[in-house]
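> here are the coordinates; sequence isn't available:
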């Protein structure tokens, strides 16, 4: 059990592998809104306004979620090693966060169709070779 607690603590201190930290330097209370703004690459004020707007509509639930996030998110270390992931669509590394999506669905489907067409062409070429006379001649030479 202590191993699980230790590994959860390590994941928390490492930003859960997606650079999720509280930003106490730009934060007003605990840095949760500023940390989420860093994660989503938006202004901290936008997250704060969303939080206060949700208080109006949802009552005390956002306040409780804020406290939970305060407990779960570690403060950003002074020298944090940013985690990056390779974005195939843009052919570059991007800062890793929870919403790094690649290309949209239609372009991914088109790319998959291109790849399938290329595979089908290769299979047709192999079938053409295997059923050809030169394949049989080459096979006879190999048997000699």
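Yes, it's here. As the structure is a prediction and not an experimental result, all values here were calculated from the model.
> can you map out the helices along this structure?
2-13, 32-40, 44-58, 61-72, 105-130, 133-143 (DSSP state H).
> just the ones you listed: most buried one?
Mean neighbour counts were taken over those using mean count of other C-beta atoms under 10 Å, and the top value, a mean of 22, falls to helix 32-40. Every C-beta, even on glycine, is put in place using the N, C-alpha and C of the backbone.
> got the angle for that one vs helix 44-58?
Relative orientation of helix 32-40 versus helix 44-58 (axes from the mean of the first three to the mean of the last three C-alpha atoms, to 10 degrees): 120 degrees.
> residues touching residue 135, list them.
residue 129 (C-beta atoms under 8 Å, 6 or more residues apart in numbering).
> returning to what we had before: between the helices of the chain, which gets the lowest average pLDDT?
Taking the mean pLDDT of each of these, the lowest value is held by helix 2-13, a mean of 60.
> the domain parsing of this structure - what is it?
2-95, 105-143 (automatic domain parsing).
> may I see the helices of the chain organised as a markdown table, with distance to residue 24 added?
Output for those, formatted as a markdown table (distance: least, C-beta to C-beta, whole Å):
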| stretch | distance to residue 24 |
| --- | --- |
| helix 2-13 | 14 |
| helix 32-40 | 8 |
| helix 44-58 | 12 |
| helix 61-72 | 11 |
| helix 105-130 | 38 |
| helix 133-143 | 70 |
